[in-house]
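J.: Structure of the sequence below:
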Amino acid sequence: MEVTDIQIHVGDVGFAYKPLKALEAKVEAATVFQKAPTIDEANSKLREMASKIGANAVINVAYDTGVSMTSWRSMKATGIAVLRESDEIVCPSCGESIKRVARKCRFCGNTDLPATAGAASEKPAAAPSSAIAPPDLEVIKATNNPQTWLFVVFGIFALSVLISLLAS
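T.: Numbering: from 1, shown residues only. Predicted coordinates:
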């Protein structure tokens, strides 16, 4: 699966899924002269993070723009990386692919289908309705603006102040 094949869903979804991890991606303008980050850039970062953990969709995505510690132009995207379940299953009798909601195999007529088949609702019971991840999911964070340079500059500044105080 390619990174571009990962689906991004802003709201609640109507398909069955297995939640993997909560994602938090921050994209920032590194300098004053760069343009503000876009939703496409945030989605690209979410897709990249989701592909690393084997997800094929990101659901309940929410975007927040504002000021961060290192940039005046920042966008934070949060969502839940999920593994979308197929809408088809294999008939245990004949081995043909049938819809998950089927009550009877259309090829062999078997009515002894797995418990997931024939369910009235495809929506998972634990589907969160907000962008906040359930407490049992580990949150993965990523940013495109490393903050280590901030600590290096502060260290150099503190060292130069200390040297100037000792020299006088």
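J.: hey, let's count contacts and neighbours off CA atoms from now on
T.: Will do.
J.: can you give me the strands in the protein?
T.: Counting by DSSP state E, the segments of the chain that form strands are 7-8, 17-28, 57-66, 74-84, 88-90, 97-99, 139-143.
J.: okay, these in CSV with mean neighbour count, mean pLDDT and distance to Gly155 next?
T.: Rendered in CSV, the data for the strands of the chain read as follows (neighbours: other Cα atoms under 10 Å; pLDDT from 0 to 100; distance: least, Cα to Cα, whole Å):
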stretch, mean neighbour count, mean pLDDT, distance to Gly155
strand 7-8, 18, 96, 40
strand 17-28, 22, 94, 23
strand 57-66, 19, 95, 27
strand 74-84, 24, 95, 25
strand 88-90, 16, 89, 58
strand 97-99, 17, 90, 62
strand 139-143, 15, 84, 22
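J.: of all these, which lies closest to Leu113?
T.: Distances from Leu113 to each of the strands of the chain were compared by Cα to Cα, and the smallest falls on strand 88-90, at 9.1 Å.
J.: Identify all contacting residues around that closest one.
T.: Applying Cα atoms under 8 Å, 6 or more residues apart in numbering, the external contacts of strand 88-90 come out as 96-100, 117.
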